[in-house]
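Participant: only geometry, no sequence info:
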């Protein structure tokens with residue numbers, strides 16, 4: 001699908017493929033067909049990257065020049081509000097008079113920027129201004145995602161380190177189920193990793209734009225590009241901080257799970273030790289030897305029971321006194 005944006009009355013005006021002409025300021029290709037790609041290539045005299053080329057990770061395949069156009073590809077975070085976020089490669093092509101985007105998904109910044117550009121006056125008067133504003137919107141969205149991850153981690157930290165429930169009669173006996181917390185930590189880690197990957201790709205584009213000629217990026221837009229570079233650096237540092245916190249919360253959760261499991265094993269060990277002497281006594285009197293003094297003793301049975309109870313109570317009291325229970 002082709003969406004064409006032209007400049008009209010100081011703002012962008014949205015149109016379909018029929019508006020494809022030299023007046024186009026921004027051409028947005030969403031899952032384009034071969035005919036749509038060829039139409040844009042004939043109009044601008046360029047060769048658009050294919051989906052396979054957009055997925056290559058070599059810097060030379062993602063950032064290059066072709067005549068007076070520059071081609072840039074970066075992974076952009078999409079579906080960040082869903083359980084399955086992903087990075088989709090998006091190609092940005094900047095010519096002297098038009099910006100072209102080729103994508104196979106719809107990240108939220110594209111819809112946000114398009115809605116703002118058709119309403120605000122004097123927001124995008126040139127092709128490079130369209131690209132700069134679009135990249136800035138993507139960076140803002142990544143900042144929002146990292147901010148939300150930070151809030152989620154604060155909530156997870158409180159959940160992990162809060163006092164365990166002590167209400168009597170609970171099925172778990174006061175023990176906590178850490179599986180939802182592990183799932184939440186894993187999702188935050190995955191989202192943070194994808195956000196960092198997207199920031200890295202956008203940073204490469206911004207650096208490439210700073211080194212481009214004034215034909216592609218005009219002098220008045222270069223300060224915006226430098227500002228975006230600083231924003232990306234600060235966001236990357238924040239993402240690294242969040243990654244460290246995620247690792248800390250994961251280690252803490254696994255440590256608490258280990259402590260909880262050790263407490264369970266300790267109970268089984270104490271029970272085994274408590275019942276070991278009575279079992280030994282019962283096994284001795286169950287041998288059925290012919291000559292056993294207690295077999296003919298009237299108090300033999302109560303004596304054996306009392307001996308078994310005493311041998312069980314004494315280890316329990318010893319463990320209790322040592323603080324092992």
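Facilitator: All right, it came through fine. Bear in mind that the values here come from a model prediction, so they are computed numbers and not experimental data.
Participant: average pLDDT across the helix or strand harbouring residue 264?
Facilitator: Using DSSP states H and E, residue 264 falls within helix 222-284. Average pLDDT, helix 222-284: 87.
Participant: any idea which helix or strand comes after that helix?
Facilitator: Following helix 222-284 toward the C-terminus (DSSP H and E): helix 300-322.
Participant: next one: that next one to chain centre, how far?
Facilitator: Here helix 300-322 shows a centroid-to-chain-centroid distance of 56 Å under the convention CA atoms, centre = their mean, to the nearest Å.
Participant: buried residues, it. List them.
Facilitator: By neighbour count with 16 or more other CB atoms under 10 Å, helix 300-322 contains the buried residues 304, 307, 308, 311, 312, 319. For the C-beta atoms, the positions are set from N, CA and C on the backbone; glycine is no exception.
Participant: what's it packed up against?
Facilitator: helix 222-284 (3 or more CB pairs under 8 Å, 6 or more residues apart in numbering; DSSP states H and E).
Participant: so the helix it packs on versus helix 300-322, what angle?
Facilitator: In terms of direction (axes from the mean of the first three to the mean of the last three CA atoms, to 10 degrees), helix 222-284 departs from helix 300-322 by 150 degrees.
Participant: from the buried residues of helix 300-322, pick the one nearest residue 296.
Facilitator: Closest approach to residue 296 among those (CB to CB): residue 304, at 13.4 Å.
Participant: so residue 46 sits against residue 66, correct?
Facilitator: Yes: counting by CB atoms under 8 Å, residue 46 touches residue 66, with 6.0 Å between them.
Participant: which one's more surrounded, these two?
Facilitator: Counted by other CB atoms under 10 Å, residue 46 and residue 66 do not tie: residue 46 has more neighbours, with 18 against 12.
Participant: list the contacts for the residue lying closest to the more buried one once chain neighbours are set aside?
Facilitator: Sequence neighbours aside, residue 69 is the residue nearest to residue 46 in space, at 5.2 Å (criterion: CB to CB, 6 or more residues apart in numbering). Residues near residue 69 by CB atoms under 8 Å, 6 or more residues apart in numbering: 44, 46, 93, 94, 95, 216.
Participant: circling back: can you list residues touching both of residue 46 and residue 66?
Facilitator: What both residue 46 and residue 66 touch, as defined by CB under 8 Å, 6+ apart, is an empty set.
Participant: re earlier: let me have the buried residues of helix 300-322 in JSON lines, extended by pLDDT and distance to residue 279.
Facilitator: Shown next, in JSON lines, are the buried residues of helix 300-322 (pLDDT from 0 to 100; distance: CB to CB, whole Å):
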{"residue": "304", "pLDDT": "81", "distance to residue 279": "12"}
{"residue": "307", "pLDDT": "83", "distance to residue 279": "12"}
{"residue": "308", "pLDDT": "83", "distance to residue 279": "8"}
{"residue": "311", "pLDDT": "85", "distance to residue 279": "9"}
{"residue": "312", "pLDDT": "82", "distance to residue 279": "9"}
{"residue": "319", "pLDDT": "75", "distance to residue 279": "17"}
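Participant: show me where the stretch 51-200 of the chain dips below the pLDDT cut-off.
Facilitator: Applying pLDDT under 70 to the stretch 51-200 of the chain picks out residues 59, 122, 163-174.
Participant: strands along that one, start to end?
Facilitator: 63-66, 69-78, 86-94, 99-103 (DSSP state E, counting those that start in this stretch).
Participant: now these in TSV, with distance to residue 178?
Facilitator: TSV is the format used below for the strands of the stretch 51-200 of the chain (distance: least, CB to CB, whole Å):
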stretch	distance to residue 178
strand 63-66	44
strand 69-78	28
strand 86-94	27
strand 99-103	39
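Participant: ok, which stretches of the stretch 51-200 of the chain are helices?
Facilitator: Secondary structure of the stretch 51-200 of the chain (DSSP state H, counting those that start in this stretch): helices located at 51-54, 59-62, 108-117, 127-161, 179-210.
Participant: the third one to helix 127-161, inter-axis angle?
Facilitator: Yep, that's helix 108-117 we're talking about. Using the same axes, to 10 degrees: helix 108-117 against helix 127-161 is 130 degrees.
Participant: report all helices and strands that helix 108-117 contacts.
Facilitator: By 3+ CB pairs under 8 Å, 6+ apart, helix 108-117 packs against strand 2-8, strand 11-15, strand 24-30, helix 127-161.
Participant: neighbouring strands - and their directions - for the shortest one?
Facilitator: In the sheet, strand 11-15 lines up against strand 2-8 (antiparallel) (DSSP bridges).
Participant: pull out the buried positions in the partner strand.
Facilitator: Applying 16+ other CB under 10 Å to strand 2-8 flags 2, 3, 4, 5, 6, 7 as buried.
Participant: just stretch 229-241 next, same as before
Facilitator: 229, 231, 232, 235, 236, 238, 239.
Participant: for these, which one is nearest residue 194?
Facilitator: For the buried residues of stretch 229-241, the minimum distance to residue 194 (CB to CB) is 10.1 Å, reached by residue 239.
Participant: wait, that closest one sits on residue 194?
Facilitator: No: using CB under 8 Å, residue 239 is not in contact with residue 194; the gap is 10.1 Å.
Participant: before we move on, back to that, tabulate the buried residues of stretch 229-241 (CSV), appending distance to residue 73.
Facilitator: Listed next are those as CSV, based on distance: CB to CB, whole Å:
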residue, distance to residue 73
229, 18
231, 20
232, 17
235, 20
236, 19
238, 25
239, 21
